[in-house]
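>>> Sequence and predicted model, in that order:
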Amino acid sequence: MKNITTISALLFILSGLLMGQANLTVDENNWTQWRGPYETGVAPMGNPPVEWSETSNIKWKSEIPGIGHATPIIWKDQIILLSAIKTDQKVAPEEPSENKEQAGWMNPKSTEYIHQFVVISVDRTSGEIQWQTIVREELPYSHTHEFGSWASNSPITDGENIYAYFGSHGLYCLNFQGEIQWERDLGRMEKVMSFGEGSSPTLYHDKLIVLRDHQGQSMLHVLNKKTGEIIWEVNRDEVSSWSTPSVIEYDETAQLITSATNKIISYDVDTGKELWECSGLTRNVIPSPVYADGMLYLMSGFRGNALIAIHLAKALGDIRETDAIAWKYEKNTPYTPCPVLMDGKLYFLKANNGYLTCLDAKDGTEYYSSEKLEGIKNIFTSPLGVKDRIYVLGTNGTCCVVKQGEAFELLAQNILEDNFYASPVIVGNTLFLRGVKSLYCISIKD
């Protein structure tokens, strides 16, 4: 994620720290969490290739066991991935619980086979697997979306340990040698329409945050990252959502922002006290919040379109009909992919399709809307911004590279022979793409 002069780099890091995203120390050589160091989908430094193919600019390509749509993280020379590996052991599946809704027109995946839930470390230089730790071995509890996996929650690291969350199959802390330090079972989830699980954990100082919005009793958990013990937790009046929470430091308070179907809620991360709330998103919220310069952006795109921009300085209590709402946008918003917030502009996709929109983040001015990304039809990954470009990766292996700015300009269309559900990661001048079959390291060869 995330080649400019030393002074410029330092200024960029400082400005990023002042923006408010406060979870982790930013380091251009690491990608520590879902959506990158500022949780905006932007790599603050780096210059990866614009063009590649199966025969060009591929440094290495490694087959990864099992299936996992979790986006990788990178710390120093290690790439950390999650996967669910099917075994030969067959058992009778459990009966659905009373909270489960039938998928209807959907075709959710189920299995009669025991799976190994694994954390995998891959050498960043060579692509070789360094270690593979089985954290649990059992029958996947829930169905999952026909395009989903049983390892879709992205891991996170503070540089000391790895935190891997497999939803209904447990939360785990491992060191960088693959040894489990602690584990915790937060309970099972019943996702609407058997869509499966996917919200990723968040870190803030000594706190590890897990959001569990589902058809049963939804909860927000804040745990001690060193021990796994609960610091505080609250019940939530919510249904299934998949958004990853975000912590923002603003006006001497660290706000824990959750984005969901019934309400957007800000909590005091230290106490769990509700600070403000706002309704207005659609059902099945998946995109994570993004923040910069005092403004918070939340969106959803299932059975409707919603983008809400919020002035944090004015947010207190119920803000639905107040001037804390800076502006709204109600078309072409994403269902699954998160937006990119880069250089004062918001970039986002239409539903799960290859159409890109760019707005001014300050006032919502539309620079362009629903521009077609040739070769991309379905998309479940989130776009990524770096240098002067936006990278958009389709399910079919087509990646469109678009010039960053007010006018739409397609720079390149690249095709790989794999399918992709995990989002792109950039460290330095290298792009990492996790496919269904292989992990790709894309870099201009020396």
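Yep, that arrived.

>>> you'd agree residue 394 is up against residue 375?
Yes. Between residue 394 and residue 375 there is a contact under C-beta atoms under 8 Å: 6.9 Å. (Glycine included, C-beta is placed from N, CA and C.)

>>> Tell me which of the two has more neighbours.
In this view residue 394 and residue 375 are compared by other C-beta atoms under 10 Å, and residue 394 has more residues nearby, 23 against 16.

>>> Pull up the gap between the more buried one and residue 243, please.
Residue 394 is 22 Å from residue 243, where distance means C-beta to C-beta, to the nearest Å.

>>> Equivalent analysis for residue 338, please.
Distance from residue 338 to residue 243, counting by C-beta to C-beta: 9 Å.

>>> following the one helix or strand in the chain whose mean pLDDT sits lowest, which helix or strand shows up next?
Ranked by mean pLDDT, DSSP states H and E, the weakest helix or strand in the chain is helix 6-19, scoring a mean of 36. Downstream of helix 6-19, the next assigned helix or strand under DSSP states H and E is strand 42-43.

>>> Now do the next helix or strand after that following strand: which elements does it pack against?
Sequence-wise, the next helix or strand downstream of strand 42-43 (DSSP H and E) is strand 58-63. Secondary-structure packing of strand 58-63 (3 or more C-beta pairs under 8 Å, 6 or more residues apart in numbering; DSSP states H and E): strand 438-442.

>>> any shared contact partners between residue 338 and residue 243?
The contact sets of residue 338 and residue 243 overlap at 286, 287, 288 (C-beta atoms under 8 Å, 6 or more residues apart in numbering).

>>> show me what contacts the residue nearest to residue 253 when sequence neighbours are not counted?
Spatial nearest neighbour of residue 253, chain neighbours left out: residue 268 (6.3 Å); criterion: C-beta to C-beta, 6 or more residues apart in numbering. Residue 268 is in contact with 253, 254, 255, 256, 275, counting by C-beta under 8 Å, 6+ apart.

>>> Quick one, grab the pLDDT at residue 27.
Note for residue 27: predicted pLDDT of 63.

>>> secondary structure element for residue 189?
Using DSSP H and E, no helix or strand contains residue 189.

>>> Now it: closest residue in space that isn't a chain neighbour?
residue 214 (4.0 Å).

>>> list the contacts for the one you found?
Counting by C-beta under 8 Å, 6+ apart, residue 214 touches 99, 189, 190, 191, 192, 239, 240.

>>> Now do the end-to-end distance for stretch 225-235.
21 Å (C-alpha to C-alpha, to the nearest Å).

>>> Give me the contact list for it.
Contacts to stretch 225-235, defined as C-beta under 8 Å, 6+ apart, come from residues 158, 161, 163, 171, 173, 182-184, 203, 206-208, 217-224, 267, 271-272.
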